[in-house]
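**Student:** Could you look at this predicted model? Sequence included:
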There are 2 protein chains.
Amino acid sequence: MLDVRLVPTKIKDYQAIVVIDVLRATTTMITAISNGAQFLVPVETVEQARIYRNDGFLLCGERGGVKPEDFDLGNSPLEYTKDVVKDKKLVITTTNGTKALAKAREHSKNIILGAFVNFSKTLEYIKKFDDILFVCSGNDGEESFEDTQVAGAFIEKLVLLKEYELSDSALISLNFWKSIKRPNFTGKHSRVLKAYGFKDDIIFSQQLDIFNTVVIYDGDKVIKGE
Amino acid sequence: MLDVRLVPTKIKDYQAIVVIDVLRATTTMITAISNGAQFLVPVETVEQARIYRNDGFLLCGERGGVKPEDFDLGNSPLEYTKDVVKDKKLVITTTNGTKALAKAREHSKNIILGAFVNFSKTLEYIKKFDDILFVCSGNDGEESFEDTQVAGAFIEKLVLLKEYELSDSALISLNFWKSIKRPNFTGKHSRVLKAYGFKDDIIFSQQLDIFNTVVIYDGDKVIKGE
């Protein structure tokens, strides 16, 4: 069975859950791990993140798209270069993405971060599962044009490999993606990010397979998957 | 602005709300009005419907797809022939559709029933509104493959007539529909209905423009719109 939550509610138990917040949390975390960060601890609040300050962590994330003043890094994947993150421990909190990870943790032992920047490697990793739920983090409780593209793109490839039952939301995401065909980041959150000066983040996040890493959440830390 | 709720939650105030439960509640109510029923009172529970029995109403609807034993009509549009419903007053309760109507009532003075059987007439009626929310009734809280097709089909036509801002969910529904192209009722609820012996209902509900009536909900009764 392939299933999708277009917004991160009503999450059920699944063999594997792919959490998608392509603009920008999952793209950013995948970039951090691909560039050599040891791990990221996703937390739900700015206050929880601050607790990690004295343990040598970089404080990362955003609220309303903007880095809290005392944080080291915001939520732009372009900040997470090798120079900055290699061998570092990071703690991260974002408006939608880290909340979706927290919800997913209650429903699966196999949580994978989904985005376009490492799409093929993730596909390779998830194809072993028979029951996969794609959780789109969405925009403050509403559907995300961009997240749904990632879900649809995975489903398009998976159904070529194996016979899956598809939920209605999987059918919607699949057929939606067939019409879009390639990453097209022009939804509401893309427009907000552009207005905030993050146009380069959108260009970056639309790229396919610039990393060859699969990134998973072990329920505690976001790490490189094997 | 054109917006869509793929499931009937987080409904906000809109100039007009189109409620869609194409399999089968809105198709059935449109059929009843088109075949001469005076009006239908949508109620949320079977018990509420029974109150109308002594006032000469036909009791209509379903629970789990099936007509309650003491009801006059189920939720199959094929039952609502001219012979049966002409000049009659009806009360109806269904699992998803009548609940979505009740929610819509709190957020708009212009509530229209959406389906394929009277698509063009409804399009003609709603094109005067600048802000329209399409509420898909869904399947017990999950997205409906079929309802989303109706929303996408309306949006495809509306954007040709006027310049609207599209929400992300409207972009998803529109592009999904562009890929589907014509009514294709093969989602989960279609399969359930088939298994229950309602295959003809699916064929009926997929038909475009067999009626030339617009059907609205005035907050009290479902009636013919002018």
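**Tutor:** Great, that's in hand. Everything numeric here is computed off the predicted structure, so don't read it as measured data.

**Student:** now the farthest one out in chain A, which residue is it?
**Tutor:** When each C-alpha in chain A is compared with the mean C-alpha position (C-alpha atoms, centre = their mean), residue A:54 comes out farthest, at 27.0 Å.

**Student:** Tell me how far it lies from chain B.
**Tutor:** 40 Å (C-beta to the nearest C-beta, to the nearest Å). C-beta: built from backbone N, CA, C; applies to glycine.

**Student:** cool, and residue A:98?
**Tutor:** 20 Å.

**Student:** ok, that residue touching residue A:60?
**Tutor:** No. Residue A:98 is not in contact with residue A:60 according to C-beta atoms under 8 Å; the separation is 10.1 Å.

**Student:** is it true that residue A:49 touches residue A:93?
**Tutor:** Yes. Counting by C-beta under 8 Å, residue A:93 is a contact partner of residue A:49 at 4.8 Å.

**Student:** shared neighbours, the two?
**Tutor:** Common neighbours of residue A:49 and residue A:93, using C-beta atoms under 8 Å, 6 or more residues apart in numbering or on different chains, are A:43, A:60-61.

**Student:** most surrounded residue in these?
**Tutor:** residue A:60 (30 neighbours; other C-beta atoms under 10 Å in any protein chain shown).

**Student:** partners of it in the sheet?
**Tutor:** Beta bridges link residue A:60 to residue A:73, residue A:92 when assigned by DSSP bridges.

**Student:** what about it, distance to chain B?
**Tutor:** 26 Å.

**Student:** Just give the nearest non-adjacent residue to residue A:184, would you?
**Tutor:** Closest residue in space to residue A:184, ignoring its immediate chain neighbours: residue A:149 at 6.9 Å, by C-beta to C-beta, 6 or more residues apart in numbering or on different chains.

**Student:** The one you found is in what secondary structure piece?
**Tutor:** helix A:145-161 (DSSP states H and E).

**Student:** and the residue most central in space within chain A, how far is that from chain B?
**Tutor:** Taking C-alpha atoms, centre = their mean, the centroid of chain A lies closest to residue A:26, which sits 2.5 Å from it. When distances are taken as C-beta to the nearest C-beta, residue A:26 and chain B turn out to be 17 Å apart.

**Student:** Would you check that that residue makes contact with residue A:111?
**Tutor:** No. Using C-beta under 8 Å, residue A:26 makes no contact with residue A:111, being 11.0 Å away.

**Student:** what do those two both touch?
**Tutor:** Counting by C-beta under 8 Å, 6+ apart, the residues touching both residue A:26 and residue A:111 are residue A:19.

**Student:** which phi and psi does the residue lying closest to residue A:25 once chain neighbours are set aside have?
**Tutor:** With C-beta to C-beta, 6+ apart as the criterion, residue A:25 has its nearest non-adjacent residue at 2.6 Å, and that residue is residue A:97. Dihedral pair for residue A:97: phi -60, psi -50, per degrees, to the nearest 10.

**Student:** Report how many residues lie close to residue A:97.
**Tutor:** Neighbour count of residue A:97, defined by other C-beta under 10 Å: 30.

**Student:** ok, now how distant is the closest residue to residue A:66 other than its chain neighbours from chain B?
**Tutor:** Distances taken as C-beta to C-beta, 6+ apart place residue A:74 nearest to residue A:66, at 7.0 Å, with adjacent residues excluded. According to C-beta to the nearest C-beta, residue A:74 and chain B sit 23 Å apart.

**Student:** Ok, residue A:13 next?
**Tutor:** For residue A:13 relative to chain B (C-beta to the nearest C-beta), the value is 15 Å.

**Student:** where's the nearest residue to that residue once chain neighbours are set aside, which helix or strand?
**Tutor:** Nearest non-adjacent residue to residue A:13, counting by C-beta to C-beta, 6+ apart: residue A:107, 4.8 Å away. If you go by DSSP H and E, residue A:107 is not part of any helix or strand.

**Student:** still on that earlier bit, got the buried residues for the helix holding residue A:149?
**Tutor:** A:145-155, A:158 (16 or more other C-beta atoms under 10 Å in any protein chain shown).

**Student:** Same check on stretch A:33-52?
**Tutor:** A:33-37, A:39-43, A:49-50, A:52.

**Student:** now swap in stretch A:77-97 and tell me
**Tutor:** A:77, A:79-80, A:84-85, A:88-97.

**Student:** picking up where we left off before, what helices or strands is the helix holding residue A:149 leaning on?
**Tutor:** Counting contacts by 3 or more C-beta pairs under 8 Å, 6 or more residues apart in numbering or on different chains; DSSP states H and E, helix A:145-161 packs against strand A:2-5, strand A:16-20, strand A:111-114, helix A:119-126, strand A:132-136, helix A:168-180, helix A:188-195, helix B:168-180.

**Student:** In PDB, list the C-alpha atoms belonging to the fourth one.
**Tutor:** Meaning helix A:119-126. This file holds the C-alpha atoms of helix A:119-126, laid out as PDB (Å, rounded to 0.1, in the frame of the first residue of the first chain):
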ATOM      1  CA  PHE A 119      15.600  11.500  -4.700                       C
ATOM      2  CA  SER A 120      17.100   8.500  -6.400                       C
ATOM      3  CA  LYS A 121      19.100   7.300  -3.400                       C
ATOM      4  CA  THR A 122      16.000   7.600  -1.200                       C
ATOM      5  CA  LEU A 123      14.000   5.700  -3.800                       C
ATOM      6  CA  GLU A 124      16.600   2.900  -3.800                       C
ATOM      7  CA  TYR A 125      16.300   2.700   0.000                       C
ATOM      8  CA  ILE A 126      12.400   2.700   0.300                       C
END
